[in-house]
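Asks: Give me the fold of what follows.
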Amino acid sequence: MKLGAFSTSLSVKDLNVSKQFYEKLGFKVFAGNEEMNYLIMKNGNALIGLFQGMFDNNILTFNPGWDENANTVKNYDDVREIQRSLKENGIELISETDENTEGPGNIMLTDPDGNTILIDQHI
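Replies: As a prediction, this is how the structure comes out:
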């Protein structure tokens with residue numbers, strides 16, 4: 001299963017304070033919008049998303065169809081294929097994407113320890 005680019009989405013209390021902290025660790029703003037309370041930061045191949053006031057807990061995020069530079073990759077598993085495979089393997093989903101659509105879509109699930117996983121396809 002090809003899940004795509006991986007990042008950790010962090011629920012932060014103060015976007016600017018977190019931005020400054022991660023800049024000291026060598027991360028640079030890659031994408032996002034401070035006015036909309038989120039930034040995507042990058043250090044080499046490592047990606048983190050900083051999200052203020054959008055969700056309660058940290059989330060493991062995968063982006064099918066993208067590499068770590070948000071470039072489209074040719075061969076990837078569509079989120080609907082991933083969804084079917086997970087369901088066939090007995091994985092319960094928190095949210096699903098419509099099987100009758102194409103393009104962007106997302107699904108959510110939790111691992112056995114309660115960590116939220118978002119599989120978020122943008123293309």
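Asks: What ranges does this protein have for its strands?
Replies: Counting by DSSP state E, one finds strands in the chain at the ranges 5-12, 28-33, 38-43, 46-52, 59-63, 93-95, 105-110, 116-121.
Asks: Buried residues in the second one, which are they?
Replies: Neighbour-count burial for strand 28-33, counted by 16 or more other CB atoms under 10 Å, picks out 30, 32. In short, each C-beta sits where N, CA and C put it, glycine included.
Asks: Can you give me the pLDDT of the most centrally placed residue in the chain?
Replies: The geometric centre of the chain, computed from its C-alpha atoms, lies nearest to Thr61 (CA atoms, centre = their mean), at 2.7 Å. The confidence metric pLDDT takes the value 97 at Thr61.
Asks: same check, this time on Asp113
Replies: 88.
Asks: show me what contacts it?
Replies: Shown in contact with Asp113 (CB atoms under 8 Å, 6 or more residues apart in numbering): no residues.
Asks: quick one: it and Ile48, what's the gap?
Replies: Taken as CB to CB, to the nearest Å, the spacing of Asp113 relative to Ile48 amounts to 20 Å.
Asks: Please list all residues in contact with Glu34.
Replies: 15-16, 19.
Asks: Can you select the buried ones from those in PyMOL?
Replies: Command for PyMOL, covering only those of these found buried under the criterion 16+ other CB under 10 Å:
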select buried, resi 15+19
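Asks: could you dump the contacts of Glu34 to TSV with distance to Glu92?
Replies: TSV is the format used below for the contacts of Glu34 (distance: CB to CB, whole Å):
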residue	distance to Glu92
Leu15	32
Asn16	37
Lys19	35
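Asks: just the contacts of Glu34 now: which is nearest Ile117?
Replies: Of all the contacts of Glu34, the one with the least separation from Ile117 (CB to CB) is Leu15, at 23.1 Å.
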